[in-house]
Structure formats: C-alpha cells, structure tokens
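1. Can you look at this prediction? I've put the sequence above it.
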Amino acid sequence: MVLSRFWLVIFISSIVFIVVSLFTANTYTIDSVINGKKDDPILISEKYIDELPVFIRDSIKKTEGQTMIINRDTLNSDTTYVYKSKTVKIYSGVQKSDGLLPTCKSTLVDLILPLIAYLAFFCGLMELLIISGASGKLAKVLSPVFVKVFPSIPKNHPSISYMTLNFAANFLGLDSAATPFGLKAMESLQEINPDKDKASDAQIMFMCLHASGLTLIATSIIGYRAAANATNPADVMLPCIITSFIGTIAAFLIVGIKQKINFKSASLLIVLMGLIAGIVGLLMYVNHLDIIGKNYFTSNLSGLILIAIIAFTLIFAFKNEQKFIDANTTPFDTFVVGANNGVKTGVTIFPYVLGMLVAISLFRNSGLFEIISNGIAFVFSNMGVSKEITNALPVAMLRPFSSAGSRGFLIDSMNTFGADSLTARLSSIFQCSAESTFYVIAVYFGSVNIKNTRYALGTMLLVDLICVITAIFVATWFF
C-alpha cells in the first residue's frame with residue numbers, strides 16, 4: 001500500500017508540475033517528456049528569424065546546414081540555433097533521461113529481455129541444484145544460522161540455499177546472477193507465506209538485507225573510474241565495503257528489532273564475527289597489492305567464482321545422475337524446465353518494472369527532481385557542508401529510484417570534477433553502497449504478487465539514508 005501511494009504521488013505530482021510549467025511559459029514543449037531520449041538537446045523556444053539579434057541572424061544564414069552552436073561553459077550547456085522554414089528552433093541543455101515512450105521501449109528491450117535471458121540460464125542451473133540435492137545439502141548446513149535470522153522459515157527449507165546464493169552473488173558484484181537467485185528465494189518464501197497478498201517477516205528481512213547491497217568487489221565502479229583515468233581506480237573499494245557493511249548491519253538490526261529476533265544467539269554471533277574476519281582478511285590481502293595487482297584481482301575474482309558455481313552445479317548433477325533418472329528426467333531436460341520457469345518469471349515482473357520506471361522518467365524529466373535536489377543541496381550548503389559533498393548528493397538522491405540515472409550523475413561528476421576528486425569518489429561510494437530500492441521492490445514483490453509490502457519500503461529507505469550518511473563520513477575520512 002505504501003509503495004502504491006508513493007508511486008501515485010510521484011506520477012501525479014510530476015504530471016501536475018509538467019502541465020503547470022507548460023502553461024506558465026517555464027517550458028516551451030512537453031514533447032521531450034513524452035518522446036525525448038536521454039542526452040537529446042531540449043527545445044526551449046522557436047522564433048522567426050527576424051526576431052533574433054542581428055549577429056545571430058547573420059551568422060546562422062552563413063553557417064553550413066544553417067545550424068549554429070554557441071558554447072556557454074558557464075551554464076554547462078550549449079545553445080543551438082537551427083534555421084528552417086523561416087523559423088529558428090532554439091535548443092539548450094540535454095535531457096536527463098528517456099521520455100515516457102522511449103522508457104517503455106527501453107524497459108522491454110534493454111532491461112527485461114536481458115533479465116529474462118539471465119533468469120532463464122540461472123533458473124535452469126537452480127533446477128539442477130534442486131533435483132541433484134545440492135540445494136538441500138546447502139540448506140541443511142546453513143539452517144542453524146538462518147533459523148535465527150529467519151525464525152519463521154522451517155529448518156532445511158530450500159529458500160535458505162537460494163538466499164545464500166543471492167547474498168554471495170551480491171557480495172561479489174554479480175548482479176546478473178543475484179537477481180535470479182533472489183527471485184527464486186522470494187518464490188520459495190512465498191510458498192510458506194500464510195497471507196499471500198502481504199509480505200511475510202522472512203521476505204521483508206531478506207529484501208532489506210539484499211537491498212543493503214553488501215559488496216566486496218565493486219567491479220563496475222572500478223571500471224568507470226578506470227575509464228575516467230583515475231590514478232588508482234580501486235581506491236574506493238575499501239570505503240564501499242565499509243559503507244555497505246554498515247548498511248547491512250543497520251538493516252539487520254532495524255528489521256530484527258521489529259521482528260524481535262534474538263541477537264544473543266551464539267551461532268549468529270560466530271557467523272557475524274567470521275564474516276567480519278573474512279572481509280578484513282581479504283582487505284588486508286588486497287591492500288598489499290600494487291595497482292595492477294588490485295585491478296587484476298578485482299576483475300577476475302568474481303568471474304572465477306561464477307564459473308566455479310556453474311562448474312560445481314554441472315559436476316554435482318552429473319555425479320548424482322541417478323536422482324534425475326528416479327525423477328523421470330535428465331539433467332538437460334531439468335535445465336530446460338528451470339529456464340522456462342525463469343522466462344515466465346521475467347514476463348510476470350515486466351508490468352511492475354514498467355510502471356515504476358515510467359513514473360521515475362516523468363519525475364526526472366518534469367524538472368521536479370532537479371528542484372528538490374537543488375533545494376536539499378542548498379540547505380546542506382547553508383549548514384556548512386562542503387560543496388564537494390553537496391555536488392555528489394544527486395547520485396545519492398537518485399540511487400533509490402534509478403541505477404542508470406545515478407550512474408549518469410556519477411560519470412558526469414568524474415568528467416566535471418575529476419575522477420580523483422572527493423565529489424567523484426563520494427559519488428562512487430553512493431553508487432555501490434545500496435540497491436535501487438524502488439526497482440528492487442517492484443521486481444521482487446511483483447514476482448510473487450505481493451500487494452502489501454508492510455514496513456519494507458520505509459526500512460529500505462532508512463537504510464539508504466544511513467548509507468548516505470556513512471558514505472560521507474567514510475569518504476571524508478579516507479580522502
């Protein structure tokens with residue numbers, strides 16, 4: 001219900017703002033909101049050529065193609081004059097994100113279709129894990145810990161292995177694998193959910209831990225920084241781990257207190273200490289490497305572990321082929337069945353993702369997001385917060401709504417302020433320290449038709465805020 005109301009507020013307020021801007025002459029045309037594409041120039045006015053200043057009128061007639069660009073670095077944009085049929089169209093600035101119709105198309109072509117392909121492959125592998133008995137063995141090993149964190153889950157339940165694989169994939173920056181594992185976990189948890197329309201305690205805990213984004217190898221961030229010629233592209237890795245780890249602990253404590261989980265459990269404390277020790281050990285190893293060594297390590301570790309998971313699944317299935325025979329199937333047919341289920345899941349979540357991304361597109365292109373972002377930055381600057389920090393806030397603000405949008409701000413901050421600036425580094429930490437909350441909620445709860453997410457959205461947004469505050473302190477401390 002909370003998500004639905006928030007979605008309606010974003011949609012309706014954006015539409016009202018667009019209409020008001022059009023009729024108050026603050027906006028010349030709303031075509032860009034409907035049909036425009038990201039980074040397209042924005043039409044701000046159209047005039048007869050005789051209405052333009054003489055120097056522009058004379059210059060544009062002499063320019064090849066009768067198009068003239070005036071560079072205005074102070075405004076961080078160009079003004080383009082295009083002369084055609086006695087009128088001159090004036091463009092200034094670029095569109096922040098795709099318009100409504102291009103968003104519908106890109107959601108299907110660039111997001112859902114690749115996601116369906118990932119789901120098909122990894123759901124096929126998971127079906128092999130189920131029939132071969134590997135998922136059951138994993139669940140049995142991890143049950144003593146998971147029943148403490150998820151007391152409503154029966155011992156040795158299959159969802160335990162799916163959640164483990166999801167957490168591991170997130171931890172290693174394997175987004176393409178994390179989503180299929182996570183969706184399978186949600187489906188499994190839904191089977192034991194007594195109220196099918198309402199999120200269970202276990203689903204909320206899983207979602208909040210997943211969305212907190214604990215990451216060891218921020219591969220994509222390192223890649224963006226390397227492309228921007230950062231002196232040491234991997235120097236944000238440790239701050240990213242610290243920030244995301246604090247976010248994960250915060251999510252666990254907030255939800256745990258709400259669900260009255262026993263934090264004094266010995267097995268829980270042992271696992272938590274082991275996790276901390278493992279992270280510290282890896283950090284110490286990576287820290288002693290030179291730049292080339294760090295880049296080599298971070299670029300290969302995730303890939304090698306993914307290959308290891310695939311190899312283990314196939315070898316285990318081959319070794320336990322008799323179980324497939326007993327189930328009147330074969331490993332390949334089992335993979336196909338799982339892949340088919342993955343395709344169905346992808347089709348199911350498409351409307352949920354589409355509805356959320358279209359609302360976010362309108363929100364950004366209406367100009368309302370920019371006004372809110374600038375207002376918050378203004379408040380922070382008057383509170384004495386440095387400009388280097390306020391310049392990075394758009395990434396933090398947009399991250400819960402859109403990963404692609406915040407990534408655009410991240411790349412822009414590196415291009416504008418330099419990859420080694422505090423702004424760019426802080427933006428990098430913002431980008432890798434949390435998930436896209438609204439997208440994740442739409443995908444995961446939509447996949448199992450949950451209508452009442454209870455306190456999941458509020459908790460996830462609170463964790464996002466904690467990650468933002470932590471990132472600012474960590475970045476300031478490190479850089």
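-> Good, I have the coordinates.
2. In the chain, what residue spans correspond to strands?
-> Listed in chain order, the strands found in the chain under DSSP state E are 41-48, 67-72, 77-84, 87-94.
3. Just the helices from the stretch 351-479 of the chain, written as ranges.
-> In the stretch 351-479 of the chain, the helices defined using DSSP state H, counting those that start in this stretch lie at 368-382, 387-390, 393-398, 403-417, 422-432, 437-447, 456-478.
4. Kindly provide the distance from Phe167 to Phe316.
-> Remark: distance between Phe167 and Phe316 (Cβ to Cβ, to the nearest Å) = 20 Å. For the C-beta atoms, the positions are set from N, CA and C on the backbone; glycine is no exception.
5. quick one: buried residues of stretch 336-346?
-> Of all the residues in stretch 336-346, those buried under the rule 16 or more other Cβ atoms under 10 Å are Val337, Gly338, Ala339, Asn341, Gly342, Thr345, Gly346.
6. what's the pLDDT at the fourth one?
-> The pLDDT attached to Asn341 in the predicted structure is 87.
7. One more: the first one?
-> Val337 is assigned a predicted lDDT (pLDDT) of 92.
8. residue contacts, it?
-> Going by Cβ atoms under 8 Å, 6 or more residues apart in numbering, Val337 touches Gly124, Glu127, Thr329.
9. just curious, which of the residues you listed is nearest to Ser13?
-> Of all these, Gly124 has the smallest distance to Ser13: 42.5 Å, by Cβ to Cβ.
10. does that closest one really touch Val343, like I thought?
-> No. Look at Gly124 against Val343 with Cβ atoms under 8 Å: they stay out of range, at 10.1 Å.
11. Now intersect the buried residues of stretch 336-346 with the helices, please.
-> Val337, Gly338, Ala339, Asn341, Gly342, Thr345, Gly346 (DSSP state H).
12. just checking, the fifth one touches Phe181?
-> Right, Gly342. No. Checked against Cβ under 8 Å, the pair Gly342 and Phe181 is beyond contact range at 11.1 Å.
13. Find the residues that touch each one of those two.
-> By Cβ under 8 Å, 6+ apart, Gly342 and Phe181 have these common neighbours: Phe122.
14. re the thing from before, what's the closest of the buried residues of stretch 336-346 to Ser428?
-> Set against Ser428, the nearest of the buried residues of stretch 336-346 by Cβ to Cβ is Gly346 (30.1 Å).
15. returning to what we had before: just say which of the helices of the stretch 351-479 of the chain is most tucked in.
-> Of the helices of the stretch 351-479 of the chain, the one with the most neighbours on average (mean count of other Cβ atoms under 10 Å) is helix 422-432, at a mean of 28.
16. which other helices and strands contact that one?
-> With contacts taken as 3 or more Cβ pairs under 8 Å, 6 or more residues apart in numbering; DSSP states H and E, helix 422-432 sits against helix 219-227, helix 237-258, helix 387-390, helix 393-398, helix 403-417, helix 456-478.
17. Phe167 and Phe316 - which one has more neighbours?
-> With neighbours defined as other Cβ atoms under 10 Å, Phe167 and Phe316 compare such that Phe167 has more, 19 against 15.
18. Roughly how far does the residue lying closest to Met356 once chain neighbours are set aside sit from Ile112?
-> Nearest residue to Met356, sequence neighbours excluded (Cβ to Cβ, 6 or more residues apart in numbering): Ala442, at 4.2 Å. Look at Ala442 and Ile112: by Cβ to Cβ, they are 12 Å apart.
19. shared neighbours, those two?
-> By Cβ under 8 Å, 6+ apart, the residues touching both Ala442 and Ile112 are Ile349, Val353.
20. re the thing from before, wouldn't the residue nearest to Met356 be in contact with Ile349 here?
-> Yes. The criterion here is Cβ under 8 Å, and Ala442 meets it with Ile349 at 7.5 Å.
21. Tyr118 is in contact with Pro180, correct?
-> Yes. Using Cβ under 8 Å, Pro180 is in contact with Tyr118, at 5.9 Å.
22. who's more crowded, these two?
-> Just comparing Pro180 and Tyr118: by other Cβ under 10 Å the higher neighbour count belongs to Pro180, 27 against 17.
23. any idea how far the residue nearest to the more buried one when sequence neighbours are not counted is from Leu128?
-> Excluding the flanking residues, the one nearest Pro180 by Cβ to Cβ, 6+ apart is Phe122, at 3.6 Å. Look at Phe122 and Leu128: by Cβ to Cβ, they are 11 Å apart.
24. Same drill for those two, tell me which one is more crowded.
-> More crowded of Phe122 and Leu128, by other Cβ under 10 Å: Phe122, with 27 against 24.
25. Surely that one is in contact with Phe181?
-> Yes. Using Cβ under 8 Å, Phe122 makes contact with Phe181 at a distance of 6.7 Å.
26. if we can go back for a sec, out of the strands of the chain, name the one with the poorest average pLDDT.
-> strand 67-72 (a mean of 63).
27. Pro331 touches Phe318, doesn't it?
-> Yes. Using Cβ under 8 Å, Pro331 makes contact with Phe318 at a distance of 7.0 Å.
28. Please say which of the two ends up with more neighbours.
-> Neighbours were counted for Pro331 and for Phe318 using other Cβ under 10 Å; Pro331 has more, 20 against 12.
29. mind listing what the more buried one touches?
-> For Pro331, the contacting residues are Leu128, Ile131, Ser132, Leu314, Ala317, Phe318, Glu321, Phe324, by Cβ under 8 Å, 6+ apart.
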